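In: Could you look at this predicted model? Sequence included:
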4 protein chains.
Amino acid sequence: MSAKYSISADFIAEQNERLEAAINEDYDALKRALGRHGIDADVLVQKVMAFGVAIPTWGVGTGGTRFARFPGPGEPRNVVEKVDDCAVIQQLARSTPTISPHFPWDKVDDYAALREQAASHGLAFDAVNSNTFQDQPGQEHSYKFGSLSHTDARVRAQAIAHNVECIEIGRKLGSKALTVWIADGSNFAGQSNLTKALDRYIDAMREIVAALPADWRLFLEHKLYEPAFYSTVISDWGTSFAVAQELGPKAHCLVDLGHHAPNVNIEQVVARLVRFNKLAGFHFNDSKYGDDDLDSGSVEPFRLFLVFNELIDAERRKLEGFAPAYMIDQSHNVTDPIESLMQSAIELQRAYAQALIVDRAALEAAQEANDALGAHLELKRAFTTDVSPLLAVARMRAGGAIAPIAAYRASGYRARKASERPAVGGTSAGIV
Amino acid sequence: MSAKYSISADFIAEQNERLEAAINEDYDALKRALGRHGIDADVLVQKVMAFGVAIPTWGVGTGGTRFARFPGPGEPRNVVEKVDDCAVIQQLARSTPTISPHFPWDKVDDYAALREQAASHGLAFDAVNSNTFQDQPGQEHSYKFGSLSHTDARVRAQAIAHNVECIEIGRKLGSKALTVWIADGSNFAGQSNLTKALDRYIDAMREIVAALPADWRLFLEHKLYEPAFYSTVISDWGTSFAVAQELGPKAHCLVDLGHHAPNVNIEQVVARLVRFNKLAGFHFNDSKYGDDDLDSGSVEPFRLFLVFNELIDAERRKLEGFAPAYMIDQSHNVTDPIESLMQSAIELQRAYAQALIVDRAALEAAQEANDALGAHLELKRAFTTDVSPLLAVARMRAGGAIAPIAAYRASGYRARKASERPAVGGTSAGIV
Amino acid sequence: MSAKYSISADFIAEQNERLEAAINEDYDALKRALGRHGIDADVLVQKVMAFGVAIPTWGVGTGGTRFARFPGPGEPRNVVEKVDDCAVIQQLARSTPTISPHFPWDKVDDYAALREQAASHGLAFDAVNSNTFQDQPGQEHSYKFGSLSHTDARVRAQAIAHNVECIEIGRKLGSKALTVWIADGSNFAGQSNLTKALDRYIDAMREIVAALPADWRLFLEHKLYEPAFYSTVISDWGTSFAVAQELGPKAHCLVDLGHHAPNVNIEQVVARLVRFNKLAGFHFNDSKYGDDDLDSGSVEPFRLFLVFNELIDAERRKLEGFAPAYMIDQSHNVTDPIESLMQSAIELQRAYAQALIVDRAALEAAQEANDALGAHLELKRAFTTDVSPLLAVARMRAGGAIAPIAAYRASGYRARKASERPAVGGTSAGIV
Amino acid sequence: MSAKYSISADFIAEQNERLEAAINEDYDALKRALGRHGIDADVLVQKVMAFGVAIPTWGVGTGGTRFARFPGPGEPRNVVEKVDDCAVIQQLARSTPTISPHFPWDKVDDYAALREQAASHGLAFDAVNSNTFQDQPGQEHSYKFGSLSHTDARVRAQAIAHNVECIEIGRKLGSKALTVWIADGSNFAGQSNLTKALDRYIDAMREIVAALPADWRLFLEHKLYEPAFYSTVISDWGTSFAVAQELGPKAHCLVDLGHHAPNVNIEQVVARLVRFNKLAGFHFNDSKYGDDDLDSGSVEPFRLFLVFNELIDAERRKLEGFAPAYMIDQSHNVTDPIESLMQSAIELQRAYAQALIVDRAALEAAQEANDALGAHLELKRAFTTDVSPLLAVARMRAGGAIAPIAAYRASGYRARKASERPAVGGTSAGIV
């Protein structure tokens, strides 16, 4: 099967060889240090190896802003090429075993073949994403003034039908969840009746829920603003949660790290959704201003760690049905998307591994005693621990590269693709 | 009864006399202009006259910040004097018929006498506010590390007991609601287990709910931050709402206009709480940065109008049990509190009156047609209408002053109180 | 000359006729009310008639976000058609006598003809806008990693040459200023050396300044973020100001109301730029979250009033050379751009007129006496005054429409253009 | 001299003994790892040992909010006891060799004795802080409506005189700088003329500058809001910078990490002040919402690292006169201030050490090549390196404790002080 890989296992092994001695030395030192705290590094390596996050198909293309998009060389022109890129990411970094498709962008004639292509790389399909925030050529009704919450029943019906079609496709691909992000909202106070818009949305979503297979889940995604700049129908976790309750046990709330108001304590939002049994999972990225869609862990790595700290805390409480879905959702405007996605997956593993080495008993004792600084320093001790060698060893043991970006650069993959894939996307603005 | 008033009805009439001709002229012009839109100004005057908002007892004292408090002259030294000040406010501005007391600050031996004093001014008592954010002299357990969510069951029991005592006092005063704002939270990531703290809070609140009389309501107040600066147990409307659901039908969510993250669409939060049947009412004030507790309508008057626009929209849908409670909650650091409270009540009336003159049918038609600008301009037309003459006429007809602040200044009330009430509060920092 | 107008003066007169009696009645009432405060309404009408704001050529097209653009019917396909639309705006609302062009978007072969076309509508050209935030077909060097601050001297030279070309074109059009907004910045900490990038920018700008005609001014535009999401070279007014100082007396700082951090007191930024002699003028719009580019006065009208309050305050101090440039800079995503631009110009006039009716002597007296509430209420009195009749009379006296949007809708202009101008812009995302 | 210390050197040595083997093992591993990158760990240790940050005298007391202050046991009751606490901090953590006093809080009769007391602990006095944000008993004029910018010349004169007195005291204590933070601002639009208030401030500051000794510097501190909630006279770095320019070469701008608008890129503000030769130094703390005054590095440690990254970058450019002053400015509401201050100093050292291990040549090469991710990862590599062992070794070599907080707790210092120093501060709200 490795013949399918465009980067050979031998090449990776070769790349690793030069780095192995150093990484082993660093790992051994870390293992001894962790051992003094009663932590078995090898167990951690196992857990890190089992950690996986989905890559969205659109993430392997270059993103843009409303002002411009600056294409990179060798961008994938269709979902088949996107899967190829996802395969390289997984081959080198070994933490992204699934792909999250988006329709209609990823439409093909033969989904069985697509699923097989992915499987041949050891990849499976994760949650399906619908799109009712853009008009497609030939589309009967426009989403300019909304989709699932539109005032016109025909538009809502069209948006519902699209979501149902996404479920159908997802079944063929082996997905088990549908992610619904709607861009519906308003740009002017008064443009929309805030309550009626929500009611229309809820009614439409009920029809989508009705179309969900028994073993599927529905992921709602809230967002404070953009593309609507006065109000957004599902603008915050409170609305998302209240709606998920109305929609029943299949509906859960997704957390995108860039979709909150400034200063919001996101890890507490996560804790609340866990507490009230409605956490769907994550769209990982990082942000400084708004929905910046920057690389995970690049802006506030401590915040990312604190999110994982909540997840480990939840895991420890052995909540029934607790199984958050992880997906990266970033816009790679100035980097090679393959590099950004590999590094982002590693940053998620870093936060996960650091959260795992928190001494939960010590933390709890400090919390109970109101030793505020003591409790905080237990978290900081975990966060300042350099788990890089541990992550490298996990990759290595899984057949990946110690230094995925260096190996990728050495492989010449991008240059090869640049010649194989002539540019299609123009320099016009936007995310597609 | 007017003998009880420290400002005589004659004095008010005298003050009004000089302004009456002009205000009548302006009112007539407004009446004609509104008439052209099919609105009867006299009906509006009736509605404005029926509008009332509660004054918190602490609001008549000068507020401060953590850096300093600069006392004003003639500050009330106890609840009896606070009620006197509330009486003047109501006498002149005629829109604040109720008082919201706070314990232990307003503790007295004889609550029947206090109730009678208020009643003699035509005033009644509104929601009771408990205080578990400060330690009181002689208090057994400290709230330094929390109250209703404290890790120590004895501290929680003390906080519960205080709230139950507040209910008891409230019954004597004729109140029908208890407002619970807890300052509990943490200053450091890790200091508090976010989920356990909430669970302890919910358990404690259940005991308070159990102590509520049958016809009482419980108002939960959320706040993003301050005095805790990393996490707050009830930090956002989502948490407040989820908790209110767990606590049952008596629990509702209060909206303080300064307790949200930057940029949050507050009128939509109001709409959501209405939609999900959990809006308790408001703590009115205005803010530019955080919980600034500035005078209502002084920072973003259009936002205040949009909040009232939601309330009128809700009223129109004739929701069962929809009866939001209105209270002012401001910190008057650089103004005479009596002046600020009168003006704030007027600003609330202004927003209410403006929301009433929105042509709801026209608005709805524009919304249905996705005429975004047309719908918006219907709101803007109402907001830019100068309803000041209408508000003045409402005050006048109710026996109040056309120009309450001018009349108050002319009355010499403050100077008289300055000599009657020697300063007590020091220049130390803080809200008390 | 009115033969050139696509909407006839007769049509406007006819539309006005039905509204004139009511507007005159309202105006007379306002005039009497203002007269009581010693203000001559007719003088105000004159001042409002003299108020003008430039329309950017791109503003008459439908805008979009990075997610999508939903074209409207009859969009102008080139600068000639854009000028036609600007002419309609000016004809009806009479407050937008100038046009701000943007290159390369508005490139034509014959600028003299373009200037003449505009002049035939009574329109002139205002500040020229350069564009180094997009790559154009055939462009030698990409701006993906910056323009005037790029690490590569050849890219900087290309960006400088473009700006110099803009000056050349502007001379032909009769402009007297160049507006430079650069999108340069970085998406990752470390991507750019913050200091070196600024130094390169300053050096490049020096060359542009050197190319400015003697009677031209250079407008710098700062912006906190977007399209760069970690750092922006000219991110705040402080940087803009410090750079303008280095660039000398021709360089001034433009204020776009949506380019600031949350909660920033924008009117104080204006006051500071005035105080330090570096205010260039404004890009007017409104915003709730980020650079939302919403219609002026639609989100925080009181803030807009306070900006004009600072301008009137500055005018009163008779500062030498104080002549702020006014331009609208909005993205009309869900409205007819012509309607939004007319209404926005009116909202600017409203804020201007309200600022003019502040009793400056009374305000100053209250300020000197530290009568905080008294001073504030003087501003609020002006802001709550409904100057709509005054604005309508100003339009009417200038030959425009009492109700420009209603007249525009009645004219059928858009429908006619929809048939004359087949759609060109796709549904792809972005601002163009 | 160690006899003066309340914690003996022997006790520290004893505490260290148990930890030394492990720390040496970790340090050796780190040394080898850094060595592979061409970095000499021992040189880093030297640099860390030379790093010092001032402790503000008020920092050793328990802080509070406007709602409450919850005193801790054994709080220092006067500056002599504050110096004792500072001595313990320096003895154990070895990174806080200076003290920043505050007047009138730290007034004593004999400053020579105070200086000698400090010197006996190896401590010196850093920048003097004046206080015109509170009224003091017996003070002639109130600062309720401002100090250096007050409308009344007599109030300004009083505030100037206080600052001049601070300089006089500072000379006696060996200080070389005066820090001026004014709380002046307004709570209402209109309350203050924004420009006149600034002009009065500048005039007043000119008098203070005139009183500065030749070798002193003046530090201006800006702050977005609080205690004023509408406008603040020195609200942002732009104003601070423009004023510092007017005041001449002695005036510089201080950066407090909690005094900015949400989302502002603080490290870029630092870079700009460096670039324009006006960086005074820092008031270190951390914040999530506003001026939270939390412990340094507890909220966004990566941001703190990026600030130090700018300082190292500046150092490398060998700017003349570049000598930023470092002070901690925190409010310790729920922790033992001694513990928080030790830990905060360590966090600053951590950020400093991490910034030192950035490979500047590699970073520059990546920046020049627009390898955005490569450049970023060079910073991330440094930030994720666990330099804890290096910091411990630096403390140890300087005679301090490997684990300062553990040693402090073991020493029983606080319990001893609790019995020696009966509580004075009440539970009233505020910062003192």
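Out: In hand now; what should we look at? Numbers count the residues shown, from 1 in each chain, chains lettered A, B, ... in the order given.

In: Identify the residue nearest the residue with the largest distance to the centre of chain A in space, chain neighbours excluded?
Out: The C-alpha centroid of chain A is most remote from A:A369, which lies 36.9 Å away (CA atoms, centre = their mean). Excluding its sequence neighbours, the residue lying closest to A:A369 (CB to CB, 6 or more residues apart in numbering or on different chains) is B:T151, at 8.0 Å. Any C-beta I mention is one placed from the backbone N, CA and C, and that applies to glycine too.

In: what about stretch A:49-64, near chain D?
Out: No: shown here: stretch A:49-64 not in contact with chain D (CB under 8 Å from any CB of the partner chain), separated by at least 12.3 Å.

In: Low-confidence bits of chain A, can you list those?
Out: For chain A, the stretches with pLDDT under 70 are A:1-5, A:424-432.

In: Nearest to chain D: which residue in it?
Out: A:A29 (3.4 Å; CB to the nearest CB).

In: Now A:H283: which helix or strand?
Out: Using DSSP states H and E, A:H283 maps to strand A:279-284.

In: All the helices of the stretch 151-300 of chain A, residue numbers only.
Out: Taking DSSP state H, counting those that start in this stretch, the helices of the stretch 151-300 of chain A run over residues A:153-173, A:194-210, A:237-247, A:266-275.

In: who are the neighbours in contact with A:G72?
Out: A:G72 is in contact with A:62, A:336-337, counting by CB atoms under 8 Å, 6 or more residues apart in numbering or on different chains.

In: please redo it, this time with the cut-off set to 7 Å
Out: A:62, A:336 (CB atoms under 7 Å, 6 or more residues apart in numbering or on different chains).

In: From C:S192, how far out is it?
Out: 18 Å (CB to CB, to the nearest Å).

In: May I see the helices of the stretch 151-300 of chain A organised as JSON lines, with mean neighbour count added?
Out: Formatted as JSON lines, those follow (neighbours: other CB atoms under 10 Å in any protein chain shown):
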{"stretch": "helix A:153-173", "mean neighbour count": "19"}
{"stretch": "helix A:194-210", "mean neighbour count": "20"}
{"stretch": "helix A:237-247", "mean neighbour count": "24"}
{"stretch": "helix A:266-275", "mean neighbour count": "25"}
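
In: tell me the secondary structure for the residue of the stretch 1-150 of chain A found nearest chain B?
Out: Here the stretch 1-150 of chain A gets closest to chain B at one residue, A:F145, 4.1 Å apart by CB to the nearest CB. On the three-state scheme (DSSP: H, G, I helix; E, B strand; the rest coil), A:F145 is labelled coil.

In: Could you find the closest non-adjacent residue to it?
Out: B:N370 (4.1 Å).

In: now do A:R317
Out: Spatial nearest neighbour of A:R317, chain neighbours left out: B:T195 (7.7 Å); criterion: CB to CB, 6+ apart.

In: Wait, that neighbour touches A:R275, no?
Out: Yes: at 5.1 Å, B:T195 counts as touching A:R275 under the criterion of CB atoms under 7 Å.

In: mind listing what A:L279 touches?
Out: So A:L279 contacts A:252-253, A:270, A:273, A:324 (CB under 7 Å, 6+ apart).

In: Identify the farthest-apart pair in the residues you listed.
Out: The distance between the two most remote of these (CB to CB) is 12.5 Å, for A:H252 and A:V270.
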